[in-house]
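# Need coordinates for the following:
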Amino acid sequence: MGTLVHIGIIMFCCGLSRSARVLVFPLSHMSHIIYHAKIAQLLAEEGHTVDIILPTYTKIPELITETNIRILSYEVNSTLADLHKKVLSKVLIDYVMSRTSFERFVNFMKIFMERDPSWDEMKPNLLNDEYVRAQLETTHYDVAVVDKMALKAYTALNFSTKFPVILFGTLIYEWVIGVPSLPSFVPIFISTFDDKMSFLQRFLNTVAYTINYILLTVVLPDPPISVSKFPQLCSMYFVLDDVAVSYPRPTTPNIIFVGDAIPSPSKPLLPNIARFVESAERGVILVSFGTYISNLPYDLASKFCSAFERIPQKVIWKITNQTICGYPTDKVLALDWIPQNDLLGHPNVKLFISHCGKNSLLESIYHATPILAFPTAIDQPYNAQLVESRGLGHQMRLGEFSADDLASNITGILENRTILSKVQGASLLMRNKTDTPSKRISYWIEHMAAYGDTYLRSNAMDLNVLQFYCLDVLLAIMAIVALVITINVYLLKTLFRCFGSVSIRKMKVA
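Numbering: from 1, shown residues only. As a prediction, the model looks like this:
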């Protein structure tokens, strides 16, 4: 009898979850590929079968180790992608080194308009790749996880069998996903405001929201997100963010935060890196400016080198020029690739000098490592301001600092117990959840596969901007008020004329 009960319990539990076939479709950009690969790996570990679409030139992420992950590769011109990386690196450096507001604005627009040619190749190359097309058309998927920036290419595939789509990205496009967002306390991602804004900041934040909407939906000839197609495709959104490192804001049930899926417990370091880290008696400072800024101009790099001479800590620097400071390796270890997550998790790494990209921010806070941010563009200034306002570190500008400033800020952060305490608190918030990121992601994948996504769909997706923010209602109220005022003024004038004429006649009679 007991055996039958145990078998029944096991069968019941098995019925609560099922293995799903999942398609993961990232943009052909390394930082995007990394976090999509992490999602694919977590799903595979939970027993799901995953297909991930990657360009042929991409080095397969080390995250992908599970045998139930199939890689579907399509051709992309690696030369064009490398050229774009070099061009954008220069544009980013020019932007942060801008000396006037006008120059800064011009360089910012260059960043905004600098489009990776490999993005444009995604759609035609996928359509022309017979093997990938055949696999996609013959495989029955339960759910797709699609990069928000790859939505155009995904829609071009025109699957004959429809299945739920989960959008995945670092930002919430409020008017697209139907999430309430008030510029009064939710700063736009390209700003350096926090959630406590003055009147002028709220005014500028509202203007920035409006301009951003117009750029993405009207001005750009091929916007990264199709506002017209999105509501018919997606009803759920995985957001690469975490409440521990974000401003409180209203959301809807179809918004799932998965930022804690990116960092992970650290693994043992490579022997040469481990020896360097463990030999640092006063600790190690990790330096990385992300995928695009892999090198620095000489005058800028020399400031960092000079500052590193003045501090007792050792430095590991992710940079292409491995003799940039001319130091022996016992002071500065320059590498063109670093195991960033594993280094941040090492107890002897005391500070992270970073561009403050989303992946770097999440990994640093997860491992309770304070940040000295040097943001460049897009969402990095926003992230850096969040670090500053939450007391998780400080921020500086690449174009406006001296070696003395840098050395002073490094020492100041390392000696500031308040910063360390707040970073440790944020780390606990990120780690201390009722579920693991893999369980959370797997649950929603299984849920979408079993029940679909229509009941989660917000009707706000069908509204235009005027309707979404009730501007049409406000205009109607203003029109009614204006009409009432006009009628009252007319009546007062009429009464005045009537009583005025009567008074005049009486005066004449008298």
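
# How are the helices of the stretch 51-200 of the chain distributed by residue range?
Assignment of helices within the stretch 51-200 of the chain using DSSP state H, counting those that start in this stretch yields the ranges 78-96, 101-113, 117-128, 130-138, 151-157, 174-177, 199-214.

# Test my guess that Thr56 contacts Val76.
Yes: between Thr56 and Val76 there is a contact under Cβ atoms under 8 Å: 6.5 Å. Where C-beta positions appear, they are placed from N, C-alpha and C, glycine not excepted.

# So for the two, which sits in the more crowded spot?
Val76 (23 against 13; other Cβ atoms under 10 Å).

# and the closest residue in space to Leu456 that isn't next to it in sequence, what does it touch?
Nearest non-adjacent residue to Leu456, counting by Cβ to Cβ, 6 or more residues apart in numbering: Asn254, 4.3 Å away. Residues near Asn254 by Cβ atoms under 8 Å, 6 or more residues apart in numbering: Ile177, Ser235, Met236, Tyr237, Asp453, Leu456, Arg457, Ser458.

# how about TSV for these, with neighbour count added?
Formatted as TSV, the contacts of Asn254 follow (neighbours: other Cβ atoms under 10 Å):
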residue	neighbour count
Ile177	26
Ser235	23
Met236	24
Tyr237	25
Asp453	19
Leu456	18
Arg457	18
Ser458	17
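
# Okay, and which of those residues map to strands?
Counted as lying in strands by DSSP state E, out of the contacts of Asn254, are Ser235, Met236, Tyr237.

# Looking at the nearest residue in space to Gly283 that is not next to it in sequence now. What's its pLDDT?
The shortest distance from Gly283 to any non-neighbouring residue, by Cβ to Cβ, 6+ apart, is to Lys350 (3.8 Å). On the pLDDT scale, Lys350 is placed at 97.

# Hmm, Lys350 is touching Ile285, no?
Yes: here Lys350 reaches Ile285: they are 6.5 Å apart, a contact under Cβ under 8 Å.

# Could you point out the helix or strand that follows whichever strand or helix holds Ile410?
Secondary structure assignment for Ile410, by DSSP states H and E: helix 403-414. Downstream of helix 403-414, the first helix or strand assigned by DSSP H and E is helix 417-431.

# Quick one: mean pLDDT for that next one?
Helix 417-431 comes out at a mean pLDDT of 95.

# Please state the offset of that helix from the chain centre?
Relative to the chain's own centre, helix 417-431 is displaced by 21 Å; criterion: Cα atoms, centre = their mean, to the nearest Å.

# Contact partners for the residue nearest to Gly283?
Contact analysis of Lys350 by Cβ under 8 Å, 6+ apart lists Gly283, Val284, Ile285, Gln313, Thr369, Pro370, Leu414.

# what stretches of the stretch 151-300 of the chain score poorly on pLDDT?
158-161, 175-176, 216-233 (pLDDT under 70).

# Show me the residue sitting in the middle of this structure in space.
Thr170 (2.3 Å; Cα atoms, centre = their mean).

# Was I right to think that residue contacts Asp379?
Yes: with contact defined as Cβ under 8 Å, Thr170 counts as touching Asp379 (6.6 Å).

# ok so, going back, now do the helix holding Ile410 against helix 417-431, angle only.
60 degrees (axes from the mean of the first three to the mean of the last three Cα atoms, to 10 degrees).

# helices or strands up against helix 403-414?
On a contact count with 3 or more Cβ pairs under 8 Å, 6 or more residues apart in numbering; DSSP states H and E, helix 403-414 meets helix 298-309, strand 349-354, strand 371-373, strand 393-395.

# And the contacts of it?
For helix 403-414, the surrounding residues in contact (Cβ under 8 Å, 6+ apart) are 283, 285, 303-304, 306-307, 310-311, 313, 350-351, 353, 370, 372, 393-394, 396, 419.

# can you check stretch 125-139 too?
The contact list for stretch 125-139 (Cβ under 8 Å, 6+ apart) reads 21, 23, 51, 53, 72-76, 153, 156-157, 159-160.

# Sitting in strands, which of the residues you listed do you find?
Among these, the members found in strands (DSSP E) are Arg21, Leu23, Asp51, Ile53, Leu72, Ser73, Tyr74.

# Is Thr291 located within a strand, as I assumed?
No: assessed with DSSP: H, G, I helix; E, B strand; the rest coil, Thr291 is coil; it does not lie in a strand.

# contacting residues around the nearest residue to Gly357 once chain neighbours are set aside?
Excluding the flanking residues, the one nearest Gly357 by Cβ to Cβ, 6+ apart is Gly290, at 5.1 Å. Contact analysis of Gly290 by Cβ under 8 Å, 6+ apart lists Ser31, Ser354, His355, Gly357, Ser360, Thr376.

# OK, contacts around the second one?
Just to be clear, that refers to Ser354. Counting by Cβ under 8 Å, 6+ apart, Ser354 makes contact with Leu286, Val287, Ser288, Phe289, Gly290, Ser360, Leu361, Ser364, Ile371, Leu372, Ala373, Phe374.
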